[in-house]
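**Q** A predicted structure for the sequence below; I have some questions about it.
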Amino acid sequence: MTAELLGPLRHPAHRFTLGDAEVTTILDGTIPMGIRPPFLLDKDDEQIAAIATAANLPTDRLENNFIPTLVNTGSELVLFDTGCGHFRRNNGAGFLLERLADAGYAPGDIDVVALTHVHPDHIGGILEDGEIAFPNAQLMIGRREFDEWNSGANIPPQRAENREMFLKLIAPLAERFVFLEDGDRVASGVTAEAAFGHSIGQMMFRIESSGKQVLVWGDIANHFVFSVGNPDSPVGFDDDKDTAIATRRRVLDMCATDGLLIAGHHMPYPSVGYVERNGDAYRWTPAAYQLRL
């Protein structure tokens, strides 16, 4: 008797210990898309095909992961970004709320929701059925990020729908937000750091516990090969492309120099790994058993 074919399977929650803290990455979902746009805007089709082939990837398609990170500091449960919510639930993403249960949590357990930035796949899940999805959470966001999107003056035209989303979801919650500056404390052992460019006021978050660190970097890089391996290549998703490239270079260099562990929203699930130098660029290396020994 031949067993029934059941299709691909991967668990939607992944947890590891960081000092005295626990870090959980949760697969909000995946959506297939083309490589260009948005990636490698300065490359022609032949160059793109060569880059993809060298990494054993398809030359015309990619899988875009959406992976919020949850950190239990021992005294607070902090969620970084809220996924796509109902906006993309029919397209393969937006499942953070139900997958919290796979990680052992309920929405009401979340003490802090800290947003890296306000692009749709990071704020879409902040409301569910018109109510705040995490009813007991203190909301936090970079002050510059909120102010820029609230003003709209420097938001690129291609983000018009995104700004409407911000005005509908985030702006009405202004009184519930704590506004962060570079270096501000978010929770025990959690610090906000400026990472402007991809979104004008994007923030990333450094978590430290008992001498161990992980950097929740938001969208510093949106693809583990096309962005990490080609940091100077313009990305269509980046709102201020020149600043995004400079920030990407700075953060990749810092991560490679310091051997810093990274949780990236769009890195291959479970989205935890390291950056190492590869000539004039960088290479993404997934974390393995070193986090369990």
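**A** Sure thing, it's come through. All of these numbers come straight from a predicted model, not from anything done at the bench. Numbering: from 1, shown residues only.
**Q** Could I get the CA-only coordinates of the helix or strand harbouring residue 22 as CSV?
**A** Here residue 22 is covered by strand 21-26, with elements defined by DSSP states H and E. Written as CSV, here are the backbone C-alpha positions of strand 21-26 (Å, rounded to 0.1, in the frame of the first residue of the first chain):
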residue,chain,number,x,y,z
ALA,A,21,15.1,35.1,27.4
GLU,A,22,13.1,33.1,24.7
VAL,A,23,12.8,34.2,21.1
THR,A,24,10.0,32.8,18.9
THR,A,25,9.6,33.5,15.2
ILE,A,26,6.2,32.9,13.7
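**Q** So which residues of the stretch 51-200 of the chain form strands?
**A** Secondary structure of the stretch 51-200 of the chain (DSSP state E, counting those that start in this stretch): strands at 61-66, 69-72, 77-80, 112-115, 127-128, 131-132, 138-142, 177-180, 185-187, 190-194.
**Q** I'd like the ones you listed as a markdown table, with mean pLDDT, distance to residue 164 and mean neighbour count appended.
**A** Glycine gets a C-beta too; all of them are placed from N, C-alpha and C. Shown next, in a markdown table, are the strands of the stretch 51-200 of the chain (pLDDT from 0 to 100; distance: least, CB to CB, whole Å; neighbours: other CB atoms under 10 Å):
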| stretch | mean pLDDT | distance to residue 164 | mean neighbour count |
| --- | --- | --- | --- |
| strand 61-66 | 97 | 20 | 19 |
| strand 69-72 | 98 | 27 | 25 |
| strand 77-80 | 98 | 24 | 25 |
| strand 112-115 | 99 | 17 | 24 |
| strand 127-128 | 98 | 14 | 18 |
| strand 131-132 | 97 | 19 | 12 |
| strand 138-142 | 98 | 18 | 23 |
| strand 177-180 | 98 | 19 | 18 |
| strand 185-187 | 98 | 28 | 18 |
| strand 190-194 | 98 | 26 | 19 |
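**Q** Show me the one of these that comes nearest residue 227.
**A** Among those, the nearest to residue 227 by CB to CB is strand 61-66 (11.1 Å).
**Q** related to what we said a few turns ago, and the strands of the stretch 51-200 of the chain as a markdown table, adding distance to residue 291?
**A** Shown next, in a markdown table, are those (distance: least, CB to CB, whole Å):
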| stretch | distance to residue 291 |
| --- | --- |
| strand 61-66 | 19 |
| strand 69-72 | 14 |
| strand 77-80 | 18 |
| strand 112-115 | 22 |
| strand 127-128 | 31 |
| strand 131-132 | 32 |
| strand 138-142 | 26 |
| strand 177-180 | 27 |
| strand 185-187 | 21 |
| strand 190-194 | 19 |
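**Q** closest to residue 247 out of the ones you listed?
**A** Residue 247 lies closest to strand 190-194 among the strands of the stretch 51-200 of the chain, at 8.4 Å (CB to CB).
**Q** Name the next helix or strand downstream of that closest one, please.
**A** strand 203-209.
**Q** elements contacting that next one?
**A** Using 3 or more CB pairs under 8 Å, 6 or more residues apart in numbering; DSSP states H and E, the elements in contact with strand 203-209 are strand 21-26, strand 112-115, strand 190-194, strand 212-216.
**Q** And the helices in the stretch 151-293 of the chain?
**A** 160-169, 241-258 (DSSP state H, counting those that start in this stretch).
**Q** Reformat these into TSV and put mean pLDDT and mean neighbour count next to each item.
**A** Output for the helices of the stretch 151-293 of the chain, formatted as TSV (pLDDT from 0 to 100; neighbours: other CB atoms under 10 Å):
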stretch	mean pLDDT	mean neighbour count
helix 160-169	98	15
helix 241-258	98	17
